[in-house]
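Student: build me a structure from this.
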Amino acid sequence: MEISPLVLANLNRWISHGVNPGHFLTAVLMNDLREAVVRADDDNLRALPEIVNWVRRNAPIGCWGSPQAVNRWRMSRRRAVHEPQIKG
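Tutor: Down below sits the predicted model:
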């Protein structure tokens with residue numbers, strides 16, 4: 001099963017900007033299999049192994065793996081967006 005372009009776009013926005021990817025992908029990122037299965041639509045349920053492999057292979061280690069990692073990533077991306085850049 002192929003990962004939908006929408007799922008990939010949501011994952012990339014999460015990685016780049018900390019934009020909430022939705023309940024299903026948040027559960028995947030938090031490593032909460034039960035919640036991911038409950039929240040998945042039929043297509044994402046079939047693609048779940050590919051989605052998990054994509055995250056494992058492509059997402060920075062700090063943005064997934066546990067609820068704590070996801071919350072830290074969300075906060076770090078928000079700070080990066082809201083803090084002015086200091087140029088030397």
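Student: wait, G65 sits on V28?
Tutor: No: with contact defined as Cβ atoms under 8 Å, G65 and V28 do not form a contacting pair (10.6 Å). In short, each C-beta sits where N, CA and C put it, glycine included.
Student: list the buried residues in stretch 34-48.
Tutor: A36, R39, A40, N44, A47, L48 (16 or more other Cβ atoms under 10 Å).
Student: okay, those residues in a markdown table with pLDDT next?
Tutor: Shown next, in a markdown table, are the buried residues of stretch 34-48 (pLDDT from 0 to 100):
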| residue | pLDDT |
| --- | --- |
| A36 | 98 |
| R39 | 98 |
| A40 | 98 |
| N44 | 98 |
| A47 | 98 |
| L48 | 98 |
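Student: farthest pair within those residues?
Tutor: In terms of Cβ to Cβ, the buried residues of stretch 34-48 reach their longest pairwise distance at R39 and A47, which sit 13.4 Å apart.
Student: separation between S66 and N53?
Tutor: According to Cβ to Cβ, to the nearest Å, S66 and N53 sit 18 Å apart.
Student: actually, R46.
Tutor: As judged by Cβ to Cβ, R46 and N53 stand 14 Å apart.
Student: so H17 touches R77, yeah?
Tutor: Yes: between H17 and R77 there is a contact under Cβ under 8 Å: 5.7 Å.
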